[in-house]
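Q: Quick one: sequence plus predicted model below, questions after.
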Amino acid sequence: MHRPNPGITLRKLDVKDAPLINELWPHKFEGSVEFVKKLIVCNASAGACDADGNLIAWCLRNNGALGLLQVVESHKRLGLGQTKTAINLFGNILA
């Protein structure tokens, strides 16, 4: 099993994370923050946080599939957004 880089922790997402996720989602639309909230509430979803507890990457499920997999710009190139790595990292939380 892959482990996140040192200083990165994994956790389940909460609806309080929805505004940030929606703001950075390239496919956002009017009212999409409510859609993101529903995905978080109704499906397994996971996030990765930096050493300060800031959300830096996330993966939400949508109809059983991985969706809204995204990494904030400042933490790209750590492998968090690669599909295989994301499945391995977030898999236990998303199961």
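A: Nice, thanks for sending it over.

Q: Can you name the residues that contact the spatially most central residue of the chain?
A: Most central in the chain under Cα atoms, centre = their mean is residue 58, positioned 1.0 Å from the mean C-alpha point. Listed by Cβ atoms under 8 Å, 6 or more residues apart in numbering, the contact set of residue 58 reads 13, 17, 21, 45, 46, 47, 48, 68, 69, 70. C-beta coordinates here come from the backbone N, C-alpha and C atoms, glycine included.

Q: hmm, 7 Å instead?
A: 13, 21, 45, 46, 47, 68, 70 (Cβ atoms under 7 Å, 6 or more residues apart in numbering).

Q: before we move on, what about residue 72?
A: 24, 56, 57.

Q: ranges for the strands of this protein?
A: 9-12, 45-49, 55-62, 65-71 (DSSP state E).

Q: average model confidence for the third one?
A: Going back to what we said before, that points to strand 55-62. Average pLDDT, strand 55-62: 88.

Q: Show the model's pLDDT score for residue 94.
A: 54.

Q: now residue 45
A: Value listed for residue 45 in the pLDDT field: 87.

Q: Repeat that for residue 10.
A: In this model, residue 10 carries a pLDDT of 84.

Q: What of residue 40?
A: pLDDT, residue 40: 95.

Q: related to what we said a few turns ago, the residue nearest to the centre of the chain pairs with what?
A: Taking DSSP bridges as the rule, residue 58 bridges to residue 47, residue 70.

Q: rewinding a little: of the contacts of residue 72, just the buried ones, ChimeraX syntax please.
A: Of these, the buried ones go into a single ChimeraX selection, burial set by 16 or more other Cβ atoms under 10 Å:
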select :56,57
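
Q: List of residues touching stretch 18-36?
A: Outside stretch 18-36, the residues that touch it by Cβ under 7 Å, 6+ apart are 37, 40, 55, 58, 68, 70, 72.
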